[in-house]
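return atomic coordinates for the entry below.
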Amino acid sequence: MVNYSEKDGLNSSYTYSMSQDDKGLIWIGSDNGLFRFDGKEFKQYNKKSGLKNIDILGCNPLSNDEIFIVTYLSDFAYLKNGKIINPDDNKELRKLKFRDTSHTYSSGDSVCIYTANNPKDIYIYRRGKVTTIPLSLHAGFPLVGRNPYIFSMDVANHLLYLTDDTQKVIAYDILTRKKILCNISLPKSAIYRKGDFLVAYRGNTIDIFKRKNKFEFIKTQSFSVGEPIHQLVIDRNDRLWVCLDKGGVLYYKNTLRDGNLSRPMKIMNDFVMNHILVDKDKNIWFSTRNNGIYFITDKFFNNYIHLPVKNNSSYITAIGKSGKNIIMGYNEAKFGILKSNTIIDVSLEKNRKIETKALFSKGNSIILGLSLRTYQYNTDNKKITTIGDYSLKNIIPYNDSSILLCTSQGLTLYNFITGAKSDLFNERAYTALRYDKDSVFVGSFKDVYKMNVKTNKRKLFIEGYYFKDIKKLKPDVYIGSTNLNGVLIFNNKKILKRITEKGGLSTDQIKKNRS
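Numbering: from 1, shown residues only. Below you'll find the predicted structure:
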């Protein structure tokens with residue numbers, strides 16, 4: 001399992017839906033623009049690229065190589081020949097204005113866009129043009145009740161399927177405007193369609209229907225999952241994934257075509273899923289709430305679900321030294337101490353897959369920063385202490401008794417002898433470095449500050465650079481690696497030199513320095 005997050009260039013708080021184009025590129029919507037992943041690095045499209053709205057729910061790759069970008073509410077855009085086209089560039093896009101979340105369905109070089117709640121029109125985007133199709137849901141014989149809700153679109157048969165406050169299901173022909181009452185009832189907003197299958201949930205109960213013809217459905221299965229549901233995903237292979245509200249995913253090995261679904265396997269217990277994508281090579285991508293993207297190949301996923309958990313070994317994500325011993329942090333809530341060619345594993349939390357992001361060791365103290373929690377381990381009495389529920393990014397030595405914890409919540413000074421904590425900085429902090437008696441550099445996700453630890457006063461020092469690491473080269477000379485702007489060499493007053501791809505770097509995305 002590979003985790004892609006800010007450290008890899010996916011610098012966003014929330015990632016939403018994902019898609020794959022014909023070239024195999026992965027596209028990810030986020031609260032900080034659209035990201036493209038080519039298997040090696042992420043490319044971000046944001047306001048500087050031409051997006052007027054950076055809340056991107058996802059995108060629709062089209063057959064003519066355009067990428068139609070789905071935004072939250074308004075200011076839709078598309079990517080053509082590497083350039084973002086927004087409503088200022090193409091006034092046709094100004095027709096797409098919604099007061100509610102929009103939904104899309106793409107086919108070939110066209111995209112259908114509509115709002116699900118009480119829609120008045122639907123829109124067709126094709127090659128830079130937007131066509132408006134008025135809906136007359138209440139005209140004629142009033143089959144449709146109050147507050148109609150579109151839950152699916154069948155382009156081949158030019159049908160909309162909708163339900164209303166009475167839970168009647170109606171098929172509406174877009175061309176003839178004819179309405180036909182279907183033979184089932186369904187609640188609003190919790191219905192997913194894939195081919196001839198409908199999957200709906202009410203509370204904890206899931207109902208599966210198969211379409212007999214355009215207007216008749218047969219219920220094939222009904223079952224309860226026992227937990228509140230966040231959302232459902234039906235993948236390209238017609239397999240069902242149930243994303244749970246409190247974290248975790250239920251995976252059903254059988255497909256919807258196989259009939260009754262088998263007993264599910266629960267995985268990814270510590271993450272709430274915003275989307276799941278199975279790509280063309282059957283690899284799986286998980287878009288998590290506030291924890292980036294996780295990726296696992298088809299081969300390893302099949303090994304995982306078919307073998308007992310005890311046969312799946314953990315791997316090392318951080319390493320450090322404690323005297324003559326080696327400390328190893330894993331991709332789960334435990335760590336190992338390598339002593340005299342023997343590894344002693346210490347469990348921090350049982351059966352929890354949260355990886356070690358960084359570790360620090362001095363004297364009898366080992367500090368382990370996991371992705372969701374930070375611990376202190378005493379090597380003398382074997383006591384484990386929880387320091388805090390931090391989403392940790394980095395651990396930086398401060399003095400003989402204290403360290404700096406860089407987290408999503410901010411920067412914290414922690415005394416590992418007394419246990420005293422002091423919050424210094426209330427924005428996301430990725431890295432830091434002490435440069436004077438009471439002064440530190442603090443790197444947020446967009447700027448670098450100079451801060452006095454005693455007074456908590458800070459001053460903007462370097463603007464517009466997302467630093468991932470800072471090291472001292474020599475007295476009053478420092479080197480910083482950035483996410484997208486190469487390497488900066490600076491002193492206490494100004495930038496001295498910037499090194500980028502033009503100056504010989506293989507990439508401008510640098511993760512670590514070694515001084």
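
tell me where the model's unsure across the stretch 101-250 of the chain.
Within the stretch 101-250 of the chain, the segments meeting pLDDT under 70 span 140-142.

run the last query once more with 90
Counting by pLDDT under 90, the ranges of the stretch 101-250 of the chain that qualify are 101-103, 107, 116-120, 136-148, 155-156, 164-166, 187-190, 202-204, 226-227, 246.

so where do the helices sit in the stretch 151-300 of the chain?
298-306 (DSSP state H, counting those that start in this stretch).

go on, the stretch 401-515 of the chain?
Counting by DSSP H, counting those that start in this stretch, the stretch 401-515 of the chain contains no helices.

any stretches of it with poor pLDDT?
For the stretch 401-515 of the chain, the stretches flagged by pLDDT under 90 are 407-409, 426-428, 430, 437, 444-446, 456, 464-468, 482-486, 492, 500-515.

repeat the analysis, applying 80 as the threshold.
Across the stretch 401-515 of the chain, the ranges flagged by pLDDT under 80 are 445, 483-484, 506-509, 511-515.

start to end distance for stretch 2-17?
End-to-end span of stretch 2-17 (C-alpha to C-alpha, to the nearest Å): 18 Å.

just the residues contacting that stretch, thanks.
For stretch 2-17, contacts defined as C-beta atoms under 8 Å, 6 or more residues apart in numbering pick out 28-33, 35, 37, 41-42, 44, 56-58, 274-275, 287-296, 355, 393, 430, 445, 466, 468, 483-484, 509, 511. The way it works is simple: take the backbone N, C-alpha and C, and place the C-beta from them, glycine included.

again, only using 6 Å
For stretch 2-17, the surrounding residues in contact (C-beta atoms under 6 Å, 6 or more residues apart in numbering) are 28-32, 35, 41-42, 57-58, 274-275, 287, 290, 292-295, 509.

list buried residues within these.
28-30, 32, 35, 42, 57-58, 274-275, 287, 290, 292-295, 509 (16 or more other C-beta atoms under 10 Å).

among these, which are located in strands?
Members of the buried ones among the contacts of stretch 2-17 lying in strands (criterion: DSSP state E): 28-30, 35, 42, 57-58, 274-275, 287, 293-295.

from those residues, which two are the most distant?
Farthest-apart pair in those is Leu57 and Phe295; separation 20.5 Å (C-beta to C-beta).

wait, Tyr125 touches Cys112, no?
No. With contact defined as C-beta atoms under 6 Å, Tyr125 does not reach Cys112; the gap is 8.0 Å.

these two - which one has more neighbours?
Taking other C-beta atoms under 10 Å, Tyr125 and Cys112 do not tie; Tyr125 has more neighbours (25 against 21).

so which residues of the stretch 151-300 of the chain form strands?
Ranges of strands in the stretch 151-300 of the chain, per DSSP state E, counting those that start in this stretch, are 159-163, 168-173, 179-185, 191-194, 197-202, 205-211, 217-224, 229-234, 239-244, 249-255, 265-267, 273-278, 284-288, 293-296.

who's in contact with the third one?
Put plainly, it is strand 179-185. In contact with strand 179-185 (C-beta under 6 Å, 6+ apart) are residues Leu143, Gln167, Val169, Ile170, Ala171, Tyr172, Phe215, Glu216, Phe217.

could you measure from the third one over to Asn117?
So that's Val169. 16 Å (C-beta to C-beta, to the nearest Å).

Asp270: what's it in contact with?
Applying C-beta under 6 Å, 6+ apart, the residues near Asp270 are Gly247, Ile354.

quick one, phi psi at it?
Backbone torsions of Asp270, given as degrees, to the nearest 10, read phi -90, psi 10.

so how far is Ala318 from it?
Counting by C-beta to C-beta, the gap between Asp270 and Ala318 amounts to 18 Å.

ditto for Lys339
Distance from Lys339 to Ala318, by C-beta to C-beta: 18 Å.

please identify which of those two sits among more neighbours.
The neighbour comparison of Lys339 against Ala318 (other C-beta under 10 Å) goes to Ala318, with 20 against 13.

does that one touch Ser361 like I think?
No. If you go by C-beta under 6 Å, Ala318 and Ser361 don't touch, sitting 11.0 Å apart.

quick revisit: out of Val169 and Asn117, which sits in the more crowded spot?
Val169 (23 against 15).

any stretches of the stretch 251-400 of the chain with poor pLDDT?
Ranges of the stretch 251-400 of the chain meeting pLDDT under 80: 303-315, 341, 350-354, 391.

repeat that for 90
Using pLDDT under 90, the flagged stretches of the stretch 251-400 of the chain are 253, 258-263, 265-271, 289-291, 299-324, 330-334, 338-345, 349-357, 370-373, 388-393.

same list (the strands of the stretch 151-300 of the chain) but as a markdown table, adding distance to Met1.
Output for these, formatted as a markdown table (distance: least, C-beta to C-beta, whole Å):
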| stretch | distance to Met1 |
| --- | --- |
| strand 159-163 | 37 |
| strand 168-173 | 40 |
| strand 179-185 | 39 |
| strand 191-194 | 26 |
| strand 197-202 | 26 |
| strand 205-211 | 26 |
| strand 217-224 | 28 |
| strand 229-234 | 18 |
| strand 239-244 | 16 |
| strand 249-255 | 13 |
| strand 265-267 | 10 |
| strand 273-278 | 14 |
| strand 284-288 | 9 |
| strand 293-296 | 5 |
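
looking at those, spot the one closest to Tyr414.
Going by C-beta to C-beta, the one of the strands of the stretch 151-300 of the chain nearest Tyr414 is strand 284-288, 27.0 Å.

and the contacts of the closest one?
Residues contacting strand 284-288 (C-beta under 6 Å, 6+ apart): 15, 18, 271, 273-278, 293-296, 301.

over to stretch 401-419?
Stretch 401-419 has contacts (C-beta under 6 Å, 6+ apart) with 360, 365, 390-398, 421-426, 428-432, 442.

can you flag the buried ones in the residues you listed?
For those, buried by 16+ other C-beta under 10 Å: 360, 365, 390-396, 398, 424-425, 428-432, 442.

and the chain, what are its domains?
1-134, 313-459 (automatic domain parsing).

dump those domains to TSV, plus distance to Tyr252.
What follows is the domains of the chain, written out as TSV (distance: least, C-beta to C-beta, whole Å):
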stretch	distance to Tyr252
domain 1-134	20
domain 313-459	21
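
can you say which of the ones you listed is nearest to Gln231?
Gln231 lies closest to domain 1-134 among the domains of the chain, at 10.4 Å (C-beta to C-beta).

what's the neighbour count on Phe37?
Counted with other C-beta under 10 Å, Phe37 comes out at 21.

separation between it and Asp165?
The value you get for Phe37 to Asp165, if C-beta to C-beta is used, is 42 Å.

then Asn118?
Applying C-beta to C-beta, the value for Asn118 to Asp165 is 10 Å.

list the residues that contact both of those two?
With C-beta under 6 Å, 6+ apart as the test, Asn118 and Asp165 both reach Asn147.

which one of these two is surrounded by more residues?
Asn118 (17 against 12).

where does the nearest residue in space to that one that is not next to it in sequence land in three-state SS?
Among residues not flanking Asn118 along the chain, Asn147 sits closest, at 5.4 Å (C-beta to C-beta, 6 or more residues apart in numbering). Using DSSP: H, G, I helix; E, B strand; the rest coil, the structure places Asn147 in coil.

likewise for Ser63?
coil.

cool, Arg94 as well?
For Arg94, the assignment made with three-state DSSP gives helix.

tell me the SS of the closest residue to it other than its chain neighbours?
With C-beta to C-beta, 6+ apart as the criterion, Arg94 has its nearest non-adjacent residue at 4.8 Å, and that residue is Pro87. The local conformation at Pro87, judged by three-state DSSP, is coil.

next, count neighbours for Pro87.
18.
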